[in-house]
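Colleague: Predicted model and sequence below, questions to follow.
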Amino acid sequence: MSNCNICPEEVEVINTFEDPVVTEASQPRAAVSGRNFFLTTQRQSVTNNSSLFLQITNPVGSGKILHMGRIAGTSNSNLVITLNRNGSFAGGTPLTPVNANFASANTSVATAKFVSQAADPTVGGAIFQDIIQLATGGVVAVEYEGDVVMPPGTTFVIRTLNNSGGNNVISIDLSFWETTH
């Protein structure tokens, strides 16, 4: 396998011969190892032109790297999702990451919180993606499959703006896994 261009954190070779190479994706492997986690704001009623924000933080000195798997925003209609690298906000309701392996007692190093309000509480950071939901509503899912990587000392803010013209029920769901560096 001298010509293999696949990073070991992305896939695991699960066969013992060189050709063909059989691999397994990182997130399912992390789930089996008790290192895959979910976060959800659950359903929140958000008034028109207000937003639901979710912040996940990988604390300084955690010794772990967070890999974002899937981000999903759900609403009745007209949702704008903004992703912010290293932005943060004060206050909020704490969230506890839930282990995807029901048999695992492992807990996540990540801290998380959410807030719903009209004014944007996010300070700093860099917006790296804006996603607009179709007027028909439903789930807007972004599959990062580990492409967004959070080393210790970083934050990630997901903003969902209700642009529907009335009240809207919104949720933010996030899956991620942890590796050591």
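Modeller: Arrived safely, thanks for sending.
Colleague: Name the surrounding residues that touch the host helix or strand of residue 143.
Modeller: Residue 143 belongs to strand 138-150 when elements are defined using DSSP states H and E. Residues outside strand 138-150 that contact it (Cβ atoms under 8 Å, 6 or more residues apart in numbering): 9-10, 25-27, 56, 58, 65-74, 79, 81, 129, 131, 133, 156, 177. Every C-beta, even on glycine, is put in place using the N, C-alpha and C of the backbone.
Colleague: SS state for residue 29?
Modeller: helix (DSSP: H, G, I helix; E, B strand; the rest coil).
Colleague: ok so, going back, any of the contacts of strand 138-150 buried? List them.
Modeller: 26-27, 56, 58, 65-69, 71-74, 79, 81, 133, 156, 177 (16 or more other Cβ atoms under 10 Å).
Colleague: quick one: which of the residues you listed sit in helices?
Modeller: Per DSSP state H, helices hold the following members of the buried ones among the contacts of strand 138-150: 26, 27.
Colleague: Out of the buried ones among the contacts of strand 138-150, which sit inside strands?
Modeller: 56, 58, 65-69, 71-74, 79, 81, 156, 177 (DSSP state E).
Colleague: farthest pair in those residues?
Modeller: Pairwise distances across those peak at 29.3 Å for 65 and 79 (criterion: Cβ to Cβ).
Colleague: ok, the ones in strands among the buried ones among the contacts of strand 138-150 vs residue 120, which is closest?
Modeller: Distances from residue 120 to these, taken as Cβ to Cβ, are shortest for residue 81 (13.6 Å).
Colleague: Hmm, that closest one is touching residue 131, no?
Modeller: Yes: using Cβ atoms under 8 Å as the test, residue 81 is close enough to residue 131 to be in contact (4.3 Å).
Colleague: Identify the contacts common to those two.
Modeller: Residues touching both residue 81 and residue 131 (Cβ under 8 Å, 6+ apart) are 73, 140, 142.
Colleague: neighbours around residue 98, how many?
Modeller: Using other Cβ atoms under 10 Å, residue 98 has 14 neighbouring residues.
Colleague: ok so, going back, dump the shared contacts of residue 81 and residue 131 to CSV, plus pLDDT.
Modeller: Converted to CSV, those look like this (pLDDT from 0 to 100):
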residue, pLDDT
73, 86
140, 83
142, 83
